[in-house]
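S.K.: Following is a predicted model, sequence given first.
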Amino acid sequence: MSCISDSKLYDETNFYQKFTEDLLRAKHEVVIESPFITIDRVSKLSSVFKELLSRGIKIYVITRDPSEHQEPYMSESEQIIQRFEQVGIQTLICSGNHHRKLAIIDRTILWEGSLNILSQNKSREIMRRIYSTKIAEEMILFLKLNQYL
């Protein structure tokens, strides 16, 4: 049984500031699971992703199959996925109404909650930041991500 002793809650008003700080401190690997991805939100994170890639940090994005979206999300996600692959962000496509929202940074920080990290715009959301290698690793094992990372 895991204990969440070092965690804090965030919402849509303060999530991105702390999340960006965590991203910029990454040393090895970033995993982002976001079923929806939009040009607007990704463009706000693109300079951070560019910085990480320039430092050799691996970035993995897990997202819903674009064919499961309605327009304009279908076209936007296809376009972004192509761009991710061009710049070196590995994208894993999930089928079957994928809906999880989380991020794992250096297998030490786990963000989980209701906020679509790569598409959030106006909705009210919540995310919990957990600083725990044990819990981050537990999530990787639970989701069977080791085979892809």
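M.R.: Great, that's in hand.

S.K.: so how many other residues sit close to Ile140?
M.R.: The tally of other residues near Ile140 (other CB atoms under 10 Å) stands at 17. Bear in mind the C-beta positions are built from the backbone N, C-alpha and C, glycine included.

S.K.: Sticking with it, tell me its helix or strand.
M.R.: helix 133-142 (DSSP states H and E).

S.K.: and that helix, what's its mean pLDDT?
M.R.: Mean pLDDT, computed over helix 133-142, is 96.

S.K.: Residues touching that helix, excluding its own?
M.R.: Where contact means CB atoms under 8 Å, 6 or more residues apart in numbering, the residues beyond helix 133-142 that reach it are 2, 4, 31, 102, 104, 107-110, 112, 130, 146, 149.

S.K.: And those residues, which of them are buried?
M.R.: When those are checked for burial by 16 or more other CB atoms under 10 Å, the buried set is 31, 102, 104, 107-110, 112, 130.

S.K.: low-scoring pLDDT stretches of the protein, where are they?
M.R.: Applying pLDDT under 70 to the chain flags the ranges 1-5.

S.K.: Arg41: what secondary structure?
M.R.: At Arg41 the chain is in helix, as set by DSSP: H, G, I helix; E, B strand; the rest coil.

S.K.: Tell me how many other residues crowd it.
M.R.: The tally of other residues near Arg41 (other CB under 10 Å) stands at 20.

S.K.: Hmm, it is touching Leu115, no?
M.R.: No - judged on CB atoms under 8 Å, Arg41 makes no contact with Leu115 at a distance of 10.4 Å.
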